[in-house]
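J.: Fold the stuff below for me.
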Amino acid sequence: MFKALTARQAQVLAALRIIVGLLFVCHGAQKVFGLFGGSAPGTPEAVKWTAGLVELITGVLMAIGLFTRPAAFLASGLMAFAYFMVHAKGGFFPIVNHGELAVVYCWLFLYLAAAGPGAWSVDGAMKAQG
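T.: The predicted model follows:
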């Protein structure tokens, strides 16, 4: 099995979770609220609302560390779906089809789903109390 994280490793994992979660919230806010320049022209309304709400909700959950594993797993799936449904049409390689960010998010979220929230999380606080 896996060796337990050191305190420093748990803190770095938490920093990764918080930063990536907040960045993902920005993508959701861009689609749902039109912030940060709004979504790309021609983006269907269903995609804006569906993907945008998933990005907002899972991003907030990951940032605060609540239901981190299922939120990260759902977000990872969303990014895999985005890559194959949107970016892959532009060619096989992410550098060519501009899908690098979707790939990076997908794998980061899959890592968070496996590793858990690390330090400073609501999940950890609830586990400590119960």
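
J.: so where do the helices sit in this structure?
T.: 7-33, 45-64, 68-82, 94-97, 100-115, 122-129 (DSSP state H).

J.: what comes up buried for the fourth one?
T.: For helix 94-97, burial by neighbour count (16 or more other C-beta atoms under 10 Å) applies to 94, 97. C-betas here are computed from N, CA, C, even on glycine.

J.: what does it rub up against?
T.: Contact with helix 94-97 is made by 83, 87, 88, 89, 90, 91, 100, 102, 103, as judged by C-beta atoms under 8 Å, 6 or more residues apart in numbering.

J.: which one of these is nearest residue 36?
T.: Checking these against residue 36 by C-beta to C-beta gives residue 102 as the nearest, at 17.1 Å.

J.: OK, contacts around the closest one?
T.: Listed by C-beta under 8 Å, 6+ apart, the contact partners of residue 102 are 79, 80, 82, 83, 86, 87, 94.

J.: Any figure for the gap between the fourth one and residue 9?
T.: Remark: distance between residue 83 and residue 9 (C-beta to C-beta, to the nearest Å) = 29 Å.

J.: These two: which is more packed in?
T.: In this view residue 83 and residue 9 are compared by other C-beta atoms under 10 Å, and residue 83 has more residues nearby, 19 against 14.

J.: Am I right that residue 18 is in contact with residue 60?
T.: No - using C-beta atoms under 8 Å, residue 18 makes no contact with residue 60, being 11.0 Å away.
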